[in-house]
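Engineer: Got a predicted structure here, sequence first:
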Amino acid sequence: MMMIQGESLLRAFGSRNVTTVGAVLAGLLLFSFIDFIPVVGFLFGLVMSIVGWGVTLRTKFGTMDNWFQRKA
């Protein structure tokens, strides 16, 4: 999500050649600025934390299972 927002931000400022690292850093910067808004920042951070934990659990983080094995 940060990469998509970062890429949009960089393109809005006129950057034509956007790298993955640049997009992630711009997205991180954008999300960090949103966290400074008193009430909205807290809610935004809470929602992003829940999304992050969901993605972590959904991708089987920390398991030794074969992620690419097809289930019959």
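Structural biologist: Cool, the structure landed.
Engineer: start to end distance for stretch 11-18?
Structural biologist: One end of stretch 11-18 sits 8 Å from the other (CA to CA, to the nearest Å).
Engineer: buried ones in that stretch?
Structural biologist: For stretch 11-18, a neighbour-count test (16 or more other CB atoms under 10 Å) marks residue 18 as buried. No exception for glycine: its C-beta is placed from N, CA and C like everyone else's.
Engineer: Mind listing what's buried along the lowest-mean-pLDDT helix or strand in the chain?
Structural biologist: The least trusted helix or strand in the chain, going by mean pLDDT, DSSP states H and E, turns out to be helix 2-12, with a mean of 82. Neighbour counts over helix 2-12 (16+ other CB under 10 Å) mark 2-3, 5-7, 9-10 as buried.
Engineer: Let's have those in JSON lines, adding distance to residue 70.
Structural biologist: Formatted as JSON lines, the buried residues of helix 2-12 follow (distance: CB to CB, whole Å):
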{"residue": "2", "distance to residue 70": "31"}
{"residue": "3", "distance to residue 70": "28"}
{"residue": "5", "distance to residue 70": "33"}
{"residue": "6", "distance to residue 70": "34"}
{"residue": "7", "distance to residue 70": "32"}
{"residue": "9", "distance to residue 70": "38"}
{"residue": "10", "distance to residue 70": "38"}
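Engineer: and the lengthiest helix in the chain, how far out from the chain's middle?
Structural biologist: Secondary structure assigned by DSSP state H gives helix 38-58 as the longest helix of the chain. On the basis of CA atoms, centre = their mean, to the nearest Å, helix 38-58 is displaced by 10 Å from the centre of the chain it belongs to.
Engineer: repeat for stretch 26-36
Structural biologist: Chain-centre distance of stretch 26-36: 11 Å, with CA atoms, centre = their mean.
Engineer: ok, now stretch 55-66?
Structural biologist: 17 Å.
Engineer: Distance check, residue 64 against residue 54.
Structural biologist: Going from residue 64 to residue 54 by CB to CB, to the nearest Å gives 21 Å.
Engineer: Which of those two has more residues huddled nearby?
Structural biologist: Higher neighbour count among residue 64 and residue 54: residue 54, with 10 against 5, using other CB atoms under 10 Å.
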